[in-house]
Structure formats: structure tokens, C-alpha cells
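Q: here's a sequence, model it:
(chains A and B)
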Amino acid sequence: MTTVKPILLAEDNPRDAELAMAAMEEQHIADKVVLCHDGAEVLDYLYCRGQFTSRLKGNPAVVFLDLKMPKVNGLEVLRAIKSDAALKPIPVVMLTSSREERDLSESYSLGANAYVVKPVEFHQFVSAVKELGMFWGVINEPPPERPESGR
Amino acid sequence: MATASTSQPELSHSPPREPESPLVRTLALRREPFWRSPILWFRTLTIERRILAGFSLVFVGILIISTVSYRNTSLVVANSKLDTRSHELIRLLANIDATLDEAENNHRRYLITGELSYLEAYRRVVEQKPNFMQYLDNLTEGSPEQQRRIDLLEPLIDRQLAAEADALDQLASHGFQAVMKMALEGAAKEELRDIHRLIAEMEMSEQQALQRRILVSAFTTTRTILLLGFGALLQLVLLAAVYYLIRHDITERRRVAAELQRRGELLEAANKELESFSYSVSHDLRAPLRHIDGYASLLRKAVTESLNEKASRYLQTISDSAKQMGQLIDDLLVFSRMGRQEMLQTTVNLDQLVKTVLYDLRLDLQGREISWTIEQLPEVPGDPAMLRQVFMNLIANAVKFTSTRPVAKIEIGIDRRLPREVVLFVRDNGVGFDMQYAGKLFGVFQRLHRADEFEGTGIGLANVRRIVHRHGGRTWAEGEPDKGATFYVALPTRRPRT
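A: Okay, here's the model as predicted:
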């Protein structure tokens, strides 16, 4: 069965989240987006625990990760995803304000699939989020679900 | 230190000894006490020279002690040789004395008894006399007093022997009666007494000399021992002073090294803090700006029908300001990164570098008429990315500030080529600047033009200066309002040692 895979957006800042959702809405993919408010929630979602215990099984189409988040930060989430064989295939896109070389190189060395710096300008931000949502959520063919990964 | 310095007054100074006029005396009064000057001199020396001076003193001290000890010991050894000779002389004198006595006695016996065997001793004396006189002469060599006595002794012995020979002649020619008569007259008695007296005198004199020499030797030996003892003590003190100096030096160096390390650690900590600060700035300051612009846009969209022109302009200004602040933050971050980023140490081909910069600027060059003059540029040691930023900023500036010219002229070249330094320049015929503001050009956020004339954040030239300084170079600029400007970058041709 080919259910539409959700887009996981990790964003601790409600305003950023709202702006991102506004952008997704323009692209009519907002209903696919699952919003997590920190890194711990992302991991809860991926491992079907906590508030996500009863969610539909299956990995998301893509994870948009903010770097700086409370509890578990983006890099830690990234490390957790890429070091778990079942989660490793999930595309992870870093979506952050930081242009620091250190963050870039660390993200890529941990296995991030893309790194996008949030533009200050709203139009650019909107087009970036729209394109990202479009590409990773619709155009890109996600990795096949392995039978043993019952998550 | 004080020990070492007080022990070396002989090295540098002796008080003035010329006849003193009142003027000289007042001068002398005004001077430091003479023993102070070596201390003052010593204080001017570096620690290495102080240690060297200390060791030199020890060396000179050892030399003096060795020389004096050697001389003293030689004297004692020479004296002991002289002593052996004196003892020999005394023995010889006693011998001569006894032999002469025996010869005289046996001679008399012969005269009385006519027994020939009694003449043996006499004959032996006559025979041996030149030998022992020669021996005496040898033993008293170098002692004029004793030699003079020998000169007196020899004729006496000769006369004595002559008298005895005379007696033998008398016996042979006139018989025993004549000899007896001679004896009664006291012949040769005088001589023998004089001989005894002279020999006793010589003996006495030699004994006295011996005694004197023993005293001298004892004194010299004592003096040598004292000198060695005192010298050793002085050397010890000097060595202790030198040791103190060296230890002081080492302690000082260690302290400085520890201090340097401490400061390095502090600096590193401060740097880390700055890094995390700028990281926060990069991340956290941008978010609200994004929200301002974002919500302004959302607002515009939400009220788009009822928005009048004025309200629309206000919203636009909000957005523009947010964008401008975003640009400022980005520029500031680049500036801060240029200051702390690890520098790459390679050779940079400036020719190639300028070409890539012009390629990167191609969008800005569209629709512009610019006449370029670009000299052949050299290779310099440095960080390619940083130097690229320098020329990017300078050339972009030249392009920007000539935008009001129908035909812009931009020249990139070398002003001076020295073995240690090349001076590069970027010259334009743009709006230029007043030289009285030249000092402000390279400051952070310093702008000489209004924002609506030429856009920019005012960080470009600050970056240029920071990068060039990190390369060990210099920057400056010349300009004239409405005529153009020239920006100079002097870069060392050798790698800076930092």
C-alpha cells in the first residue's frame, strides 16, 4: 500500500514553525507535516514512543532538523538517526540559521543529506521551504520500507 | 648577586690618584663611592653576561691561586735542595777539620818517632787538598759570604801544609833538635787555630742559613695553605653566586614560561567564549529578523486589498530594515571569523586570484562600461581564501564607487617591489574621498557615503585591513573627492613568523 509519507519538521521556535507551515500551505503539503518541538520529540516519533505510541508505523519521507533545539539538539538527533540501521535511510535536511563552518562540516560528516541556511528574507525563506517540501516530500522517491522495521 | 658584584672591584675601576685640585675633589665628592661603580656596571649586564663575568672571575681566581701556589712550592722545594747542600757542607767542614787535626797530630808523631807510617795522613791531606777545596767551592756556590771565607781558608791551609813540609825539611837537614826548636817557637800553631776558627765560623754561618731557610719554608708553606684555603673559600662564594644567578635565571624563565602558558590558556578560553558568542549571534539574532520580515509579508498578504500606499511603504521599510540587519550580522560574523580563523600557509598566485574575483563579480559588471588595466601580479605567501576576500572587497569597492562614471577606469598593479615586500594597489576614477577621513576608511562600520548613495555595511575595508594585518602587511589609501581613490596593500614576500 502506498500511503503518503509524512514530513517531519523539528522546530522549537513557534514563529519559525508558523512561517514554515505558511510556506507549506502555499504548496498544499501542510497536512503532511508533523511538527516536533524539540529533538526528544523527534526521537519519540521515530521510535513510536511517548505521545506517538499509537501513530501509524513507517518512517517519514524526510526530517527537517533545526540545529539548536532544547533537550536534544539537531546534531544529536542526526547522530541517533544515522547510527540506527532502521532509521539511517531517512533523508535528513538540516534547516538552520547557522552558517558556521563547524556546524556544516559536522552535519555532513554525521551523514546529513542536505544543509539549508534559513534566509532572513521571508520570500526566500518561503521559496526555500516550499522547494524543500516539494522536493523531499513529493518529488524524491523515499527509500523502501524494510519489512523488519516495524516502526 | 651582591656577593658576586662586591668581589670584583679590581675588574673595572680604580679611584683617581692624581694630585687633587679643589675642583677634582668636588667632582670626586659628587661621584658614587668607588666600590659602587662595579655594582652599577654589573647591574647593566644581561643575565648571560653576569654568569660569564662570574665564571671569568672564578677562572682568574684559580689562575692566581695556582700561580702563587706554584711559586711558593717551588721556593720550598729549592730551599730543601739547599738544605741538603748545607748539611753536606757542614759534614765536609767537620771532615776537613778532623782530617787537618789528624794530619797535624800524626805529623808530630812522625817528627818524634821517625815512624814513616805516621806521614800517611799528612800526605793524604796534601794529595786531597785540591779535591776538597773544589768540593767546598761547589757546595758554597751562590753564597758569597762562604766563598770569601773559603778564599781565606785556602791560603791558611796552604801555609799550614807548607809549615809541615818545612818541618820535614828541617828534620832531614838539621835533625830533631832543629825541629824541636821550631815547635818551641810555635810554628804553624797560629795557622791551625785560624783554620779551626774559620771552619767553625763557616759551620755556624751555614747553620744559621739553614735555620733561616727552615723559617722561610715554614712561613711560605703556611702562606700557601692560607692562600689555598682562602682562595677555595672565595671560589666557593663566587661559584655559589654564579649558581644563584643561574638558578635565578632558570626560575625567572620558568616563571615567564608558566605565565605565558597561563595567558595562552586565558586567551584560548576567551577565544572559545567569543566563538560561542558569535555562534549564538549567528543563530539567535537572525531568527527574530526572519520573523519580522516573515510576519510583515504575511500581514501584507492578509490585508492586501485594504492596504494603502503609505501602509504598504511602511511594511516595505520594516522588511528592508530586517534584511539590512541580517546583512550586517552576516558581515560582522565574517569579520569576526577572519580574526580567529586558522590561517592557511601556502603560496597564492595573485594573477589567478584577481581573475576569479572578476569572474565572481560578473553580475555586478553587467551593463557597466569599465576600462581595466591589470598588471602582471606576483605570487605571495598567504591564505588564498582570505586574500581573495581582500581583492574581492577592493575590486567590488572600485566597481561600486565608479558606478556614477560613464566610463569607469580601474587599475590593478604593483606600486613597489622590494625583496621583503610587494605593494599592490587598486585604483579607480570613482567618487574618491577626502583625505581627512582617510583614517576612518578601514574602521568597522565606518562609511564615508550615505546609504542611499552607495549601499554597503561598512565592513569590507575593515576586513581588508584585518586580513592584511594577519599576513604581516599594511594597508592605506589615497584619494581626492570626485577624482578617484587608490587603495594600497603591502604584503610581505616572506612568511610572517607567528
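Q: and the stretch 101-250 of chain B, which residues reach chain A?
A: If contacts are counted using Cβ under 8 Å from any Cβ of the partner chain, no residue of the stretch 101-250 of chain B sits beside chain A. Any C-beta I mention is one placed from the backbone N, CA and C, and that applies to glycine too.
Q: remind me which residues of the stretch 101-250 of chain B are low pLDDT?
A: Along the stretch 101-250 of chain B, the parts satisfying pLDDT under 70 run over B:186-188.
Q: can you name the residue of it nearest chain A?
A: Per Cβ to the nearest Cβ, B:Ile250 is where the stretch 101-250 of chain B lies closest to chain A, at 41.3 Å.
Q: one more: chain B?
A: Using Cβ to the nearest Cβ, the single residue of chain B nearest to chain A is B:Gly326, 3.4 Å away.
Q: for that residue, grab the count of nearby residues.
A: 19 (other Cβ atoms under 10 Å in any protein chain shown).
Q: list the helices and strands the host helix or strand of it packs on?
A: Per DSSP states H and E: B:Gly326 is located in helix B:309-340. Using 3 or more Cβ pairs under 8 Å, 6 or more residues apart in numbering or on different chains; DSSP states H and E, the elements in contact with helix B:309-340 are helix B:189-280, helix B:286-302, helix B:384-401, helix B:460-470.
Q: including distance to B:Leu168, could those helices go into JSON lines?
A: Putting the helices and strands packed on helix B:309-340 into JSON lines (distance: least, Cβ to Cβ, whole Å) gives the following:
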{"stretch": "helix B:189-280", "distance to B:Leu168": "16"}
{"stretch": "helix B:286-302", "distance to B:Leu168": "148"}
{"stretch": "helix B:384-401", "distance to B:Leu168": "129"}
{"stretch": "helix B:460-470", "distance to B:Leu168": "124"}
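Q: could you dump those helices to TSV with mean neighbour count and distance to A:Ala20?
A: Formatted as TSV, the helices and strands packed on helix B:309-340 follow (neighbours: other Cβ atoms under 10 Å in any protein chain shown; distance: least, Cβ to Cβ, whole Å):
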stretch	mean neighbour count	distance to A:Ala20
helix B:189-280	14	22
helix B:286-302	19	9
helix B:384-401	21	33
helix B:460-470	21	33
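Q: list the residues that contact the residue in chain A positioned nearest to chain B.
A: Chain A approaches chain B most closely through A:Val120 (3.4 Å), counting by Cβ to the nearest Cβ. Applying Cβ atoms under 8 Å, 6 or more residues apart in numbering or on different chains to A:Val120 gives the contacts B:Arg286, B:Leu289, B:Arg290, B:Asp293, B:Ala322, B:Lys323, B:Gly326.
Q: between the helix or strand bottoming out on mean pLDDT in chain A and helix B:309-340, how big is the angle?
A: Ranked by mean pLDDT, DSSP states H and E, the weakest helix or strand in chain A is helix A:122-134, scoring a mean of 84. Using axes from the mean of the first three to the mean of the last three Cα atoms, to 10 degrees, one finds that helix A:122-134 and helix B:309-340 are set 80 degrees apart in direction.
Q: count of neighbours near the residue lying closest to A:Pro70 once chain neighbours are set aside?
A: Distances taken as Cβ to Cβ, 6 or more residues apart in numbering or on different chains put A:Asp38 closest to A:Pro70, at 4.8 Å, once the chain neighbours are dropped. Residues lying near A:Asp38 (other Cβ under 10 Å) number 19.
Q: hmm, back to that, hmm, the least confident helix or strand of chain A touching chain B?
A: Yes - judged by Cβ under 8 Å from any Cβ, helix A:122-134 comes into contact with chain B at A:Phe122, A:His123, A:Phe125, A:Val126.
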